[in-house]
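[1] This is a predicted model, with the sequence first.
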Amino acid sequence: MACLVGTLFASSVTAEEAWLTRSQQLLNTLQGQAKPAWLENNPHQLEARQQALEVFNASKSLTDLKFGTEQSPMGKNDQPLKVLFISFSLGESALKVIFEEVSGRDDVLLVFRGPKPGQKLPALMADLKRLLKDIDPVPNIVIDPTRFQRWSVTSVPDMVVEQDGQSRLHVRGVSSLSWLDQQLKAGKQGDLGTLGDVSEIAEIDLLEEIKRRMAAIDWKQKQQQTIARFWERQKFEVLPAAHQDLDRPVDLTITAPRDLAAPNGQLIIRAGQTVNPLEKMPFGLCLKVFDATVPAQVELIRHQSCQDKKAHVMYLATSLPRQDGWEKLKHLENTMQAPVYLLTPDVRSRFQLQHVPSFIEQSGNHLIVHERKQPVSSGERS
């Protein structure tokens with residue numbers, strides 16, 4: 001079956017590998033799988049997912065921001081990781097001193113909560129690179145609001161020694177790593193409290209910003225925009241109307257680029273073998289291709305009977321109304337009492353489709369493309 005169905009998407013003999021991949025996709029469709037996202041009755045759900053993904057990717061690009069080594073600093077092999085929470089509110093001079101002290105230490109991680117209010121990522125990068133100039137090696141710096149929340153960090157400087165997912169030592173108001181090393185060497189543990197001056201955090205909480213942006217999205221408006229935008233941008237495989245009845249044979253013979261086996265491991269086709277899939281098993285389909293904007297074609301194709309009454313009928317539209325497209329599609333599917341899909345360039349090319357309305361079915365070891373003339377008087381587009 002995979003061999004047979006694959007011919008629907010094979011554009012030419014030189015595209016066999018693509019044919020093998022796409023065959024499974026169409027096979028899934030024919031086996032009753034869900035329709036593509038663009039055919040969902042609620043397309044705004046796709047827009048919602050896209051919006052959420054954009055926000056997530058934006059945050060991910062920041063939380064993944066790292067200077068210096070690409071490898072994670074310490075925290076490996078159950079060793080402690082010294083995390084120093086910092087902010088531009090400490091002042092550039094203080095930050096530069098911290099950067100210089102941490103330089104070359106893979107057991108230390110410097111963490112910012114996010115960009116400053118109204119600041120874009122490139123501007124934040126520029127500020128950091130300016131301060132890091134002439135510091136070699138560059139210390140490990142990340143933007144990670146999750147760590148701020150995990151250890152309830154509300155001011156800076158703040159130091160946490162992480163080990164095995166726990167806080168081994170926590171102290172506020174101190175940024176000296178040499179002092180911290182001495183405390184660890186002396187066996188100090190737990191929350192040491194606030195031992196120096198602290199400052200408010202100048203940067204935004206990136207996670208809270210994500211929540212704010214998500215809450216501010218007008219999903220109803222997005223729904224309307226998505227619906228309108230899809231049909232405005234959709235490219236159709238438009239075909240001219242047939243002016244005469246014509247039947248044309250299509251040869252499905254292909255050359256397999258590699259061995260093709262069934263799910264149970266049984267070999268179906270050997271690499272290099274030339275085969276006509278219809279000699280292995282029946283086509284089992286009746287493809288009906290029409291312009292859904294022309295009522296006469298819709299009616300003609302709707303009442304056109306296939307020779308094989310057991311064949312699975314698939315409706316392929318070359319065009320759909322752009323105005324109120326989703327409602328028109330829903331109405332069309334109700335009329336046909338079946339899903340309606342858009343004709344793709346691959347299918348158009350493979351079956352050498354030239355005019356509509358037409359339907360394709362098996363006859364012997366070939367497929368036949370039946371082009372049918374539409375009544376001229378009722379051929380207006382809707």
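    Thanks, I have the structure now.
[2] any idea where the helices of the stretch 151-300 of the chain begin and end?
    In the stretch 151-300 of the chain, the helices defined using DSSP state H, counting those that start in this stretch lie at 177-185, 206-216, 219-233, 295-303.
[3] Which one, of the ones you listed, ends up nearest to L332?
    Among those, the nearest to L332 by C-beta to C-beta is helix 295-303 (7.2 Å). All C-beta atoms are positioned from the backbone trio N, CA, C, and that covers glycine.
[4] Need the winner for burial among the helices of the stretch 151-300 of the chain.
    Stretch with highest mean neighbour count among the helices of the stretch 151-300 of the chain: helix 295-303 (a mean of 19; mean count of other C-beta atoms under 10 Å).
[5] Does anything pack onto it? Which helices or strands?
    Judged by 3 or more C-beta pairs under 8 Å, 6 or more residues apart in numbering; DSSP states H and E, the packing partners of helix 295-303 are strand 285-291, helix 325-336.
[6] how about the ones you listed in CSV, adding mean pLDDT?
    Conversion of the helices and strands packed on helix 295-303 to CSV gives the following (pLDDT from 0 to 100):
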stretch, mean pLDDT
strand 285-291, 93
helix 325-336, 87
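[7] of all these, which lies closest to R147?
    For R147, the closest of the helices and strands packed on helix 295-303 is helix 325-336, at 44.3 Å, according to C-beta to C-beta.
[8] in the protein, what spans have low per-residue confidence?
    Counting by pLDDT under 70, the ranges of the chain that qualify are 1-78, 223-224, 226-228, 375-382.
[9] how close does F99 get to D205?
    For F99, the distance to D205 (C-beta to C-beta, to the nearest Å) stands at 23 Å.
[10] E361 now?
    Using C-beta to C-beta, we find E361 at a distance of 62 Å from D205.
[11] Likewise for M125?
    19 Å.
[12] From R168, how far out is R229?
    Using C-beta to C-beta, R229 is found at 53 Å from R168.
[13] R113 now?
    R113 sits 22 Å away from R168, taking C-beta to C-beta as the criterion.
[14] Same question for N140.
    In this view, N140 and R168 are 19 Å apart by C-beta to C-beta.
[15] Neighbour count: those two, which is higher?
    More crowded of N140 and R168, by other C-beta atoms under 10 Å: N140, with 23 against 16.
[16] Do I have it right that that one meets L109?
    Yes - shown here, N140 and L109 form a contact pair, counting by C-beta atoms under 8 Å, at 5.1 Å.
[17] D136: neighbouring residues, count only.
    9.
[18] Let me see the contact set for it.
    S103 (C-beta atoms under 8 Å, 6 or more residues apart in numbering).
[19] Over to it. Which of the three states is it?
    Secondary structure, DSSP: H, G, I helix; E, B strand; the rest coil: D136 is coil.
[20] bridging residues for D158?
    F85, R172 (DSSP bridges).
[21] what about L128, distance to S103?
    Counting by C-beta to C-beta, the gap from L128 to S103 is 14 Å.
[22] Please apply the same query to E361.
    From E361 to S103 the distance is 74 Å (C-beta to C-beta).
[23] more crowded one of those two?
    With neighbours defined as other C-beta under 10 Å, E361 and S103 compare such that E361 has more, 19 against 16.
[24] what's the helix or strand for the more buried one?
    Following DSSP states H and E, one finds E361 within strand 358-363.
[25] Over to V97?
    Element membership for V97, per DSSP H and E: helix 92-102.
[26] And for that helix, what's in contact with it?
    84, 86, 88, 90, 108, 110, 131-132, 135, 139-140, 157, 175-178.
[27] Which of those residues are buried, as a ChimeraX select command?
    Buried residues among the contacts of helix 92-102 (16 or more other C-beta atoms under 10 Å), as a ChimeraX selection:
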select :84,86,88,90,108,110,131,132,135,139,140,157,175,177
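[28] Now the two most distant members of the contacts of helix 92-102.
    In the contacts of helix 92-102, two members sit farther apart than any others by C-beta to C-beta. They are F88 and S178, at 23.2 Å.
[29] so F359 touches Q297, yeah?
    No - in this structure F359 lies outside contact range of Q297 using C-beta under 8 Å: 11.3 Å.
[30] Just give me the neighbour total for E279.
    So E279, with other C-beta under 10 Å, has 9 neighbours.
[31] Among the helices of the stretch 151-300 of the chain, which comes closest to W151?
    When the helices of the stretch 151-300 of the chain are compared by C-beta to C-beta, helix 206-216 sits nearest W151, at 14.0 Å.
[32] Next up, the contacts around A202.
    With the criterion set at C-beta under 8 Å, 6+ apart, A202 makes contact with 87-89, 116.
[33] These, buried ones only, as a ChimeraX selection?
    Those of these that count as buried under 16+ other C-beta under 10 Å are selected in ChimeraX with:
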select :87,88,89,116
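[34] Among the contacts of A202, which one sits closest to F351?
    Nearest to F351 among these, with distances taken as C-beta to C-beta, is K116, at 59.0 Å.
[35] Look up phi and psi at the closest one.
    phi -70, psi 160 (degrees, to the nearest 10).
[36] from what I can see it touches I204, true?
    Yes - applying C-beta under 8 Å as the test, K116 and I204 come out as touching, 7.1 Å apart.
[37] Check which residues of the strand holding E361 are buried.
    Neighbour-count burial for strand 358-363 flags 358-362 (criterion: 16+ other C-beta under 10 Å).
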